[in-house]
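1. Based on what follows, work out the 3D shape:
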Amino acid sequence: MVRLQCEFTNTDPEFKTRLYETFLQESDTTNTFGQFFTPRKVVGAVHDMAEISSMSAGKSICDPAAGVGGFVLEPMARNLEAQWTMKTNAMTPKHTWHSFELIPKTAILAKANALVHCGDLLAEQPGRIKAFANWLNNVFVCVEKTALGTLDQMDKEKFDVIITNPPFVVSGSADFRKLITKNAARKAYFSRKYSGVEGLFMQYIVQALKKSGDAWVLLPESFLLRTPDELLRKWILQNCIVDLVALLPERTFFNTPKRVVILHMKKRDKPLAPTKLDESLTKEKILAFVVNEIGETRDAKRFHIDENDLPDLVKAYAIHKAGLPVPYKRASLIGASAFGASSFNIRHAWKKADARELGLLSSEDDPVAEKAAFDTQMVRLKEMASEFMDGHRLTAPPPDACDRRAITLGDQTLFSLRIGRRVLKKEVFQKRTGIPLFSANVRKPFGYVAQANAGELKFGGALWSLDSDFDCRGVPPGELYSITDHCGEVCLLVDDIDPHYLARQIRQAGIGMGYNRDFRPSLGVIKDLEINLPIDKNGKFDLALMQAWTEFHEELLRRKQAIGKLLIA
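-> Numbers count the residues shown, from 1 in each chain. Below is the predicted model:
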């Protein structure tokens, strides 16, 4: 037997980290749970400002929303051996790291990411595997007991450093409120008013920090702007010194155009009195810094570019920390009390002329910026149209079928049909680690439930809607979900029909029949629906041709959606 071995030793750290971020950047969890994975260049800048590499040993460092472990693994990517004291097979880490993650799939990938990063240590000394496994399991922990994840631990004064990029979601916050209000301890711990889930994480971070501990947090810019978060921001100022707010450019993060800020807080030894907050903050200043480029393109490709403002951010913060004037146009000093105002707009820290030059003015603030944004949009639209036409010419549609076979959905040799069951409102959560629940909208989950009542189809199938404009979508083999009594399921009993092609034929035929809210496609109605599927010269279903048409159609939809997003931007 010949054994093939693939090693990740002596591999570029940039590749190691991006391997996992790229794998998840198109994942549904980015929308459902607000997961946006932090680019390594941003992770590196935060580590530089936090001076993790020069900290004395024995610190307790936590990422409560760790994703694939980028913040935890950055020191390993830079200097692997410096993170351990090693004697033959024994390995003692320099710091005690804590990596908490809610999503099981992501937590597993974080462990795999750690294994890739630390592979050199194990390759040199295989006897270290046991010690490394213990470290791995103690550091990377999936906290999925409740939808609150890490927040449910309600830690107090436990960590020296917290460095994290918490989820950015407002929708679904009601689910968290349900869990919090049910429990007196949770209600007391999260007693401050908040808008999004990041507000809960900020309450956890402040309370979980030790006195004089440091927190580096990436937050949506909207956290600073939202009036409902004013009292929370004031509470943060009572308990922490805030000395940095750095604004990152749009699309720094995969899958979101939101602008994000890097916030640094140091826990006070004693909270400030609320009545004397503004007076106490008169001597404290926040460094505001604007970053326009991060050293890579801000699209799915993430190519390297020379323009990078992050090194200047690191230098500017070091100068500000030393109490010296910061000689950068991108930098500005703000009185700390502004952070606790009803709305804290960091863009107002610069004069209008400088703000325009730095690209900080929105179209509402400046017609010149509006025209520039429109011009950029039109250039991109022209580029996308050109790309589409070139691709369209290069991608010929598949051939027509030799022949077609007419079948009905009631053919029990090919299909099994069923309708879902009624689901009570109290059983449904909007954001959690449960099973997606589909109702009249077969493309977007109605919510999430604890257990599946459908799916896991051996050969895949389709879902159709009963009480809305008629729609049908394919489901691949093994997909797990639940359905209500407003949704029907077609289960394929054979392996030579493509589920996505099938769904498209059902949708077209159903629309042609006039299915809608009034003419409901019930089981009795839809079993008589006739569709036509391609067959080969031997009279068998032509699976390869169905798959080719599915791929062609999906690529066309992707291009239409990309242009559509640009048009409404």
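2. what sits against residue 145?
-> residue 152 (Cβ atoms under 8 Å, 6 or more residues apart in numbering). All C-beta atoms are positioned from the backbone trio N, CA, C, and that covers glycine.
3. Check which helix or strand residue 318 maps to.
-> helix 310-321 (DSSP states H and E).
4. my bad, residue 223
-> In the assignment (DSSP H and E), residue 223 maps to helix 222-225.
5. Any buried residues in that helix, and which?
-> Within helix 222-225, the residues scored as buried using 16 or more other Cβ atoms under 10 Å are 222, 223, 224.
6. Can you tell me which of the residues you listed is closest to residue 471?
-> Proximity of those to residue 471 was ranked by Cβ to Cβ; the top entry is residue 222 with 32.4 Å.
7. now for the helix holding residue 223, which elements pack on it?
-> Taking 3 or more Cβ pairs under 8 Å, 6 or more residues apart in numbering; DSSP states H and E as contact, the helices and strands that helix 222-225 lies on are helix 197-208.
8. elements contacting the helix it packs on?
-> strand 159-164, helix 173-181, helix 184-189, strand 209-220, helix 222-225, helix 230-239, strand 260-267.
9. in a helix, that's where residue 332 is, yeah?
-> No. With DSSP: H, G, I helix; E, B strand; the rest coil as the criterion, residue 332 is strand rather than part of a helix.
10. Give the bridge partners for it, please.
-> Here residue 332 sits in beta bridges with residue 288, going by DSSP bridges.
11. ok, it - contacts?
-> Applying Cβ under 8 Å, 6+ apart, the residues near residue 332 are 287, 288, 289, 349, 350.
12. sorry, back to before: of the buried residues of helix 222-225, closest to residue 108?
-> residue 223 (29.7 Å).
13. Make sure that closest one is actually in contact with residue 201.
-> No. In this structure, residue 223 is not within contact of residue 201 by Cβ atoms under 8 Å, at 10.2 Å.
14. could you measure residue 308 against residue 41, distance?
-> Residue 308 sits 7 Å away from residue 41, going by Cβ to Cβ, to the nearest Å.
15. Show me whatever sits in contact with both of those two.
-> Common neighbours of residue 308 and residue 41 (Cβ under 8 Å, 6+ apart) are 294, 295.
16. who touches the helix or strand encompassing residue 245?
-> Assignment of secondary structure by DSSP H and E places residue 245 within strand 240-247. For strand 240-247, the external contacting residues (Cβ under 8 Å, 6+ apart) are 49, 206, 209, 215, 221, 224, 236, 259-268, 284-291, 313, 317, 320-321, 334, 336, 339, 346-347, 360.
17. Start and end of stretch 298-311, how far apart?
-> The straight-line separation of the ends of stretch 298-311 (Cα to Cα, to the nearest Å) is 17 Å.
18. Run the chain-centre distance for it.
-> 19 Å (Cα atoms, centre = their mean, to the nearest Å).
19. From the rest of the structure, what touches that stretch?
-> Here stretch 298-311 has contacts from 18, 25, 39, 41-42, 44-45, 249-252, 254, 290-297, 330, using Cβ under 8 Å, 6+ apart.
20. same check, this time on stretch 485-495
-> With Cβ under 8 Å, 6+ apart as the test, stretch 485-495 has contacts from 409, 412-422, 438-440, 442, 454, 457-468, 483, 499, 502-503, 506, 521, 523, 526, 541, 543.
21. From these, which land in strands?
-> Among the contacts of stretch 485-495, DSSP state E puts 415-419, 438, 454, 461-465, 483 in strands.
22. From the residues you listed, pick the one nearest residue 178.
-> Of those, the one sitting nearest to residue 178 (Cβ to Cβ) turns out to be residue 438, at 22.0 Å.
23. picking up where we left off before, can you tell me the average pLDDT over the helix holding residue 318?
-> In this model, helix 310-321 carries a mean pLDDT of 96.
24. How far away from the center of its chain is stretch 290-306?
-> With Cα atoms, centre = their mean, you get 18 Å for stretch 290-306.
25. for it, how far is the first residue from the last?
-> End-to-end for stretch 290-306, by Cα to Cα: 17 Å.
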